[in-house]
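*Asks:* Predicted structure and sequence below. I'll ask about it afterward.
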Amino acid sequence: MRTTSVDVVQIPTKGPGDVSGLMKLIEAGKIEPASILAILGKTEGNGGVNDFTREYAVSALSVALAPHVDLLPHDVEQKIAFVMSGGTEGVLSPHITVFARTAIIEGGAGNGIAGKRLSIGIAHTRNFMPEELGRGAQVEETARAVRVAMADAGIDDPKDVHFVQIKCPLLTSDRVEAAHARGRKTVTTSAYGSMAYSRGASALGVASALGEIEGIICDEQILKNWELFSSVASTSAGIELMHNVVIVLGNSNSSASPFVIGHGVMRDSIDSAAVIAALKSVGLGLGEISGPTERNRLVNIFAKAEASPDGSVRGFRHTMLDDSDIGATRHARAAVGGLISGLAGTGAVYVSGGAEHQGPPGGGPVAAIARL
């Protein structure tokens with residue numbers, strides 16, 4: 001029985017604090033604030049430790065939505081899962097994607113709908129201690145939260161999960177010092193390096209929950225054994241939290257959504273075939289998005305990007321890891337963003353850098369959401 005319906009809308013932004021597009025849709029009655037479950041966004045920061053555009057965007061959205069949901073701004077963050085990914089290098093365009101979920105009364109809009117439709121579920125882990133980041137505790141807690149989010153989405157089969165977006169914490173000098181004062185050692189003392197550990201551990205938690213990896217994941221395997229990865233995990237680290245926010249996107253028979261999601265796995269940063277496969281999985285070939293009418297069926301594409309750790313792409317050397325002026329994650333976002341934008345016909349796509357244990361080394365998952 002269809003019990004929920006999920007709506008998705010992409011909204012361009014003029015800056016990380018711009019909420020005008022969302023407010024206009026709310027005022028026009030096209031989005032019901034109480035039904036908003038998650039908001040994913042791309043902001044034009046550097047994507048690094050000191051990228052405050054992420055926190056700025058969440059703050060602006062929380063303040064704007066607070067009176068509409070009768071909550072204080074801080075409490076809005078407990079109701080809605082916000083994930084802001086910094087970095088819009090190259091042709092990537094800043095935007096937010098809003099996910100709204102409503103319940104269906106018996107005998108309602110779900111009648112006559114065939115097949116599995118887009119569903120979404122969210123969950124939160126507990127707060128982590130600094131010394132737990134990038135280690136088994138983060139893997140285990142993330143796996144638990146993924147299973148909770150799957151149940152929230154009405155998804156029983158892991159094969160129906162096509163994208164798991166996670167916002168995870170990072171280490172700061174204060175957090176490292178706090179751990180050391182208690183006699184605890186953190187996985188690294190580098191704030192920037194901790195982003196990779198946190199992303200990697202979170203991704204392995206997804207892989208564990210979905211059965212992509214069997215057995216216990218040891219601390220020594222994180223950022224070491226690249227054969228371990230999830231094909232649907234997308235994790236993004238930020239300074240603005242100390243727990244993991246988990247968003248599970250998949251297809252379910254319990255949903256009456258007019259949208260569907262599918263995914264592919266990029267084997268490297270120029271794997272256009274994987275992007276095309278993701279589009280085809282939701283009924284969109286390149287020909288189907290060449291015209292304005294058909295292009296409107298595509299809501300968004302979500303992907304991870306990273307510089308191949310072995311320093312080469314298909315046998316040819318790349319210099320992304322050796323550039324002292326521009327970070328490798330920024331190179332990767334620009335490269336993959338350009339590839340996907342060219343295929344999708346728009347720069348308003350969600351490409352996040354840093355794909356540790358998210359897809360094979362140098363590659364990453366890519367998911368597409370389309371209207372049926």
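*Replies:* Nice, thanks for sending it over. Residues are numbered from 1 along each chain as shown.

*Asks:* Isn't residue 131 up against residue 188?
*Replies:* No - assessed by Cβ atoms under 8 Å, residue 131 is found out of contact with residue 188, at 10.9 Å. Quick note: C-beta positions are derived from backbone N, CA and C, even for glycine.

*Asks:* out of these two, which sits in the more crowded spot?
*Replies:* More neighbours surround residue 131 than the other of residue 131 and residue 188, with 20 against 17 (other Cβ atoms under 10 Å).

*Asks:* Doesn't that one belong to a helix?
*Replies:* Yes - remark: residue 131 belongs to a helix, assigned using DSSP: H, G, I helix; E, B strand; the rest coil.

*Asks:* Quick check: closest non-adjacent residue to it.
*Replies:* By the measure of Cβ to Cβ, 6 or more residues apart in numbering, the closest residue to residue 131 outside its immediate chain neighbours is residue 184, 4.1 Å from it.

*Asks:* Over to residue 277?
*Replies:* Here the residue nearest residue 277, using Cβ to Cβ, 6+ apart, is residue 264, at 4.0 Å.

*Asks:* For the helix or strand harbouring the one you found, give the mean pLDDT please.
*Replies:* Taking DSSP states H and E as the criterion, residue 264 maps to strand 259-266. Averaged over strand 259-266, pLDDT sits at 98.

*Asks:* same check, this time on stretch 303-316
*Replies:* pLDDT averaged over stretch 303-316 gives 95.

*Asks:* Residues in contact with it: which ones?
*Replies:* 226, 234, 266, 268-270, 275, 317-318, 320-321, 328-329, 331-333, 335-337, 340, 349-356, 358-359, 361-367 (Cβ atoms under 8 Å, 6 or more residues apart in numbering).

*Asks:* Could you do stretch 333-352 as well?
*Replies:* Contacts for stretch 333-352 (Cβ under 8 Å, 6+ apart): 10, 12, 40, 42, 47, 85, 87-93, 95, 97, 234, 236, 266, 269-270, 272, 275-276, 279, 286, 289-290, 295, 298, 300-305, 320, 353, 364, 366.

*Asks:* From these, keep the buried residues only.
*Replies:* Using 16 or more other Cβ atoms under 10 Å as the burial test, these include 10, 40, 42, 47, 85, 87-90, 92-93, 95, 97, 234, 236, 266, 269-270, 275-276, 279, 289, 298, 300-305, 320, 353, 364, 366 as buried.

*Asks:* quick one: which of the contacts of stretch 333-352 sit in helices?
*Replies:* Among the contacts of stretch 333-352, the members found in helices (DSSP state H) are 272, 275-276, 279, 295.

*Asks:* ok, so of those, who is nearest residue 145?
*Replies:* residue 275 (28.4 Å; Cβ to Cβ).

*Asks:* Which pLDDT does the model give the closest one?
*Replies:* Value for residue 275, per-residue pLDDT: 97.

*Asks:* again, but for residue 196
*Replies:* 95.

*Asks:* Compute the number of surrounding residues for the closest residue to residue 305 other than its chain neighbours.
*Replies:* Distance criterion Cβ to Cβ, 6+ apart; nearest residue to residue 305, sequence neighbours excluded, is residue 336 at 3.6 Å. For residue 336, the tally of surrounding residues (other Cβ under 10 Å) stands at 30.

*Asks:* Residue 296 now?
*Replies:* 11.

*Asks:* Look up how far residue 8 lies from the spatially closest residue to it that is not a sequence neighbour.
*Replies:* If the residues on either side of it in the chain are set aside, residue 296 comes closest to residue 371, at 7.5 Å by Cβ to Cβ, 6+ apart. Distance of residue 371 to residue 8, given as Cβ to Cβ, to the nearest Å: 8 Å.
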